[in-house]
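**Student:** Give me a model of this one.
(3 chains)
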Amino acid sequence: MPDKTASIVFRHPSALCESQDIGAGTHVWAFAHVMDGAVVGQNCNIGDHAFVEKGAIVGDRVTIKNGVMIWDGVTIENDAFVGPGVIFTNDRYPRSRRLAEAKKRYKNKDNWITSTKVLRGASIGAGAIILPGITIGRFATIAAGACVTHNVPNHALLVGHPAREVGWVCFCGMTLDGTLACPDCNRGFRQQDNAIVPSE
Amino acid sequence: MPDKTASIVFRHPSALCESQDIGAGTHVWAFAHVMDGAVVGQNCNIGDHAFVEKGAIVGDRVTIKNGVMIWDGVTIENDAFVGPGVIFTNDRYPRSRRLAEAKKRYKNKDNWITSTKVLRGASIGAGAIILPGITIGRFATIAAGACVTHNVPNHALLVGHPAREVGWVCFCGMTLDGTLACPDCNRGFRQQDNAIVPSE
Amino acid sequence: MPDKTASIVFRHPSALCESQDIGAGTHVWAFAHVMDGAVVGQNCNIGDHAFVEKGAIVGDRVTIKNGVMIWDGVTIENDAFVGPGVIFTNDRYPRSRRLAEAKKRYKNKDNWITSTKVLRGASIGAGAIILPGITIGRFATIAAGACVTHNVPNHALLVGHPAREVGWVCFCGMTLDGTLACPDCNRGFRQQDNAIVPSE
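**Tutor:** The predicted model follows:
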């Protein structure tokens, strides 16, 4: 099997790229670690001191900023942005797995791993915390430092601790105005159920 | 003196293990750093990019997830879980110690280091922040992202910023129901003063 | 050009110091990375796993604790303290820069980088989050875990999420009492507009 990693991934000399499933054009920067069994797509950027665990899945053109840890059970779809120091979680009832009263639960991954999904084009601001079992909708934006405790609709903008919806954002990332129009790229949206969709 | 570290600690080639006081069966993962003068017990797991400072004390079977920093003044008892990106603190009035107006205070550790204790079997969720001088009770659970500003009773469950008590957890980590019973392992508890104790 | 870095900067063997603009007496610790084009003054301390990006500016006698990331657009003045895991930001509307709908904005730094300034002698507590475009006043203190969403007056003490002003701090870092006097070094202050100034 050709070593895809060696030929087409841009790897900083101090990075650890143990996975054979890293796509062409992806950069892995200093002191980052992509474990064997992690899947990372093409043209991604994985910052210094980031960590991608066996079982994690990252799509194409994703930005993983410095210090982010992507655990088993976390899926990041294409074009998403994960800001520096964002914290994912995958265990609702964490205990040290060598604790006598808890070790039984950790014998089988189905007992404890709860999945998280970040859908296409979403952005998670720096230092945000994502609780286990959350889906973050397409092109949603989570503000820096927000603590996300429930699912996030497509294009929603969330801030605070716990995170609450305060507005909507465009595909391009700008906040929509009161008529659900983008002040930057002029796309329009309309309300549909509890979310918004492009008006065209 | 035999090099305990070399023979029985599982050290990733990129980890720095300068301490001679790391117990048998403990794993220290990539880019982690355990300083000379740190004490770490047996069968611990110290994740990538973690840091254990001279003066820190960690018990047996403790899980220290990725990126956690354990400072001088912090004691972690046996079987505790410290989630990824948890932040400890040890200085109530931090200043750069080379600042003219503050450097006097930093000449003596007694002037500025405030201790933190995480008691046996407690869990601290990902990205939680622990202010200086806190004791986290035995088998307590701090939710991901919580900011802990006061002492935590045994078995208490805290969430939010600032963290507040919202329930109780079992030894095994599950949330107790309204009758103070564990839905998973069936242990029962009863109220005693401001905390709970096992009913048997 | 003499290699200033090699001769007078204290660099841990595992640190990456690519910048030629690091001042004498500065320590750069394990697994830290100071990029080419970053400017760091004299007698600073840059902790393990910290990252200083091309374009970032750090003054003299600054403490940058472990895991802090200083981005392009961030300026830290002399004598400041940046606690462990503090998160800076520089993009109000973050998207992956390879996302088709956003890549135009990222072609020119003027379109997206928003500056942050930490003025002389200020302290930022562990794990605090600083939103883009903020100025933190001289000798202000941000409590651990606070999320700073607006400019901070000189000597102000801020806590919480979002951060709010709850008091004042002395040059030395101690909280002032109700008469605006420092219980530790006895300096006095008086109110002036929305901030305080030394009374002498």
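**Student:** What is the burial count for residue A:164?
**Tutor:** A total of 14 residues lie near residue A:164 under the criterion other Cβ atoms under 10 Å in any protein chain shown. Bear in mind the C-beta positions are built from the backbone N, C-alpha and C, glycine included.
**Student:** Off-centre distance for stretch A:57-77?
**Tutor:** Mean C-alpha position of stretch A:57-77 versus that of the full chain (Cα atoms, centre = their mean, to the nearest Å) differs by 5 Å.
**Student:** Check stretch A:136-147 too.
**Tutor:** 10 Å.
**Student:** Same question for stretch A:182-189.
**Tutor:** Between the centre of stretch A:182-189 and the centre of its chain there are 25 Å (Cα atoms, centre = their mean).
**Student:** How about stretch A:51-69?
**Tutor:** Worked out by Cα atoms, centre = their mean, stretch A:51-69 lies 7 Å from the chain centre.
**Student:** State the helix or strand in which the closest residue to residue A:87 other than its chain neighbours lies.
**Tutor:** Closest residue to residue A:87 apart from its sequence neighbours, by Cβ to Cβ, 6 or more residues apart in numbering or on different chains: residue B:127 at 3.9 Å. Using DSSP states H and E, residue B:127 sits within no helix or strand.
**Student:** show me the contacts for residue B:127.
**Tutor:** By Cβ atoms under 8 Å, 6 or more residues apart in numbering or on different chains, the contact set of residue B:127 is A:87, A:127, A:129, B:83-87, B:144-145, C:127.
**Student:** May I have the beta-bridge partners of the nearest residue to residue A:9 once chain neighbours are set aside?
**Tutor:** Spatial nearest neighbour of residue A:9, chain neighbours left out: residue A:22 (4.8 Å); criterion: Cβ to Cβ, 6+ apart. According to DSSP bridges, the residues that bridge with residue A:22 are residue A:40.
**Student:** what's around residue A:22, how many residues?
**Tutor:** Each residue near residue A:22 was counted by other Cβ under 10 Å, and the total is 27.
**Student:** Next one, pLDDT for it please.
**Tutor:** Residue A:22 carries a pLDDT value of 97.
**Student:** just residue A:193 next, same as before
**Tutor:** Looking at residue A:193, its pLDDT stands at 88.
**Student:** so where is chain A shaky, pLDDT-wise?
**Tutor:** A:1-7 (pLDDT under 70).
**Student:** Output the set of residues of it in proximity to chain C.
**Tutor:** A:14, A:30-31, A:43, A:45, A:48-49, A:61-63, A:66-67, A:79-81, A:83-85, A:121, A:123, A:125-127, A:141, A:143-145, A:160-161, A:169-175, A:184-185 (Cβ under 8 Å from any Cβ of the partner chain).
**Student:** what do you get if the cut-off is 6 Å, keeping everything else the same?
**Tutor:** Residues of chain A lying near chain C by Cβ under 6 Å from any Cβ of the partner chain: A:30-31, A:43, A:48-49, A:61, A:63, A:66, A:79, A:81, A:84-85, A:121, A:123, A:126-127, A:144-145, A:161, A:171-174.
**Student:** tell me which residues in stretch A:191-200 are buried?
**Tutor:** For stretch A:191-200, a neighbour-count test (16 or more other Cβ atoms under 10 Å in any protein chain shown) marks A:195-196 as buried.
**Student:** Go ahead and name everything in contact with it.
**Tutor:** A:153-155, A:168, A:188-190 (Cβ atoms under 6 Å, 6 or more residues apart in numbering or on different chains).
**Student:** and that stretch, C-alpha only, in CSV?
**Tutor:** Provided in CSV are the C-alpha atoms of stretch A:191-200 (Å, rounded to 0.1, in the frame of the first residue of the first chain):
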residue,chain,number,x,y,z
GLN,A,191,-38.1,31.2,8.0
GLN,A,192,-39.1,27.6,7.7
ASP,A,193,-40.3,25.8,10.9
ASN,A,194,-37.6,26.6,13.5
ALA,A,195,-34.8,27.3,11.1
ILE,A,196,-34.2,29.3,7.9
VAL,A,197,-33.6,28.3,4.3
PRO,A,198,-32.3,30.3,1.3
SER,A,199,-35.2,32.1,-0.3
GLU,A,200,-34.1,31.3,-3.9
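**Student:** Tell me the residues of chain A that contact chain B?
**Tutor:** When proximity is defined by Cβ under 6 Å from any Cβ, chain A lies next to chain B at A:16, A:31, A:33, A:49, A:51, A:69, A:87, A:89, A:93-96, A:98-99, A:101-102, A:129, A:131, A:147, A:161.
**Student:** Who wins on neighbours among the contacts of stretch A:191-200?
**Tutor:** Top of the contacts of stretch A:191-200 by neighbour count (other Cβ under 10 Å): residue A:155, with 24 neighbours.
**Student:** circling back: distance to residue A:8 and secondary structure added to the contacts of stretch A:191-200, as TSV?
**Tutor:** Formatted as TSV, the contacts of stretch A:191-200 follow (distance: Cβ to Cβ, whole Å; DSSP: H, G, I helix; E, B strand; the rest coil):
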residue	distance to residue A:8	secondary structure
A:153	37	coil
A:154	33	coil
A:155	34	coil
A:168	38	strand
A:188	40	strand
A:189	38	strand
A:190	42	strand
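**Student:** Same list (the residues you listed) but as TSV, adding distance to residue B:194.
**Tutor:** Formatted as TSV, these follow (distance: Cβ to Cβ, whole Å):
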residue	distance to residue B:194
A:153	40
A:154	44
A:155	45
A:168	44
A:188	55
A:189	50
A:190	52
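**Student:** and which of these is nearest chain B?
**Tutor:** Checking the contacts of stretch A:191-200 against chain B with Cβ to the nearest Cβ, the nearest one is residue A:153 at 20.9 Å.
**Student:** Could you pull up the residues touching that closest one?
**Tutor:** For residue A:153, the contacting residues are A:137, A:194-195, by Cβ under 6 Å, 6+ apart.
**Student:** closest to residue C:57 among the residues you listed?
**Tutor:** residue A:137 (37.5 Å; Cβ to Cβ).
**Student:** Based on its surroundings, how many neighbours for the closest one?
**Tutor:** Counted with other Cβ under 10 Å, residue A:137 comes out at 18.
**Student:** quick one on the thing from earlier: tell me which two in the contacts of stretch A:191-200 are the farthest apart.
**Tutor:** Distance extremes for the contacts of stretch A:191-200: the farthest pair is A:153 and A:188 at 17.5 Å, using Cβ to Cβ.
**Student:** show me the contacts for residue A:141.
**Tutor:** A:123, A:157, A:169.
**Student:** at 8 Å what do you get?
**Tutor:** With contact set as Cβ under 8 Å, 6+ apart, residue A:141 has these partners: A:122-123, A:125, A:156-158, A:169, A:173, C:93-94.
**Student:** mind listing the helices for chain A?
**Tutor:** A:4-8 (DSSP state H).
**Student:** one step back: the residue nearest to residue A:9 reaches residue A:32, doesn't it?
**Tutor:** No. With contact defined as Cβ atoms under 8 Å, residue A:22 does not reach residue A:32; the gap is 11.1 Å.
**Student:** residues contacting residue A:58?
**Tutor:** Residue A:58 sits next to A:38-41, A:44, A:52, A:64, A:70, A:75-76 when contact means Cβ under 8 Å, 6+ apart.
**Student:** quick revisit: now the contacts of residue B:127 as TSV including distance to residue C:200?
**Tutor:** What follows is these, written out as TSV (distance: Cβ to Cβ, whole Å):
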residue	distance to residue C:200
A:87	45
A:127	39
A:129	44
B:83	47
B:84	48
B:85	43
B:86	43
B:87	37
B:144	47
B:145	43
C:127	35
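**Student:** Which residue is the nearest non-sequential neighbour of the residue of chain A most remote from its centre?
**Tutor:** Here the centre of chain A is the reference, and by Cα atoms, centre = their mean the most remote residue is residue A:100, at 32.8 Å. In this structure, residue A:100 finds its nearest non-sequential neighbour in residue B:79, 7.8 Å apart by Cβ to Cβ, 6+ apart.
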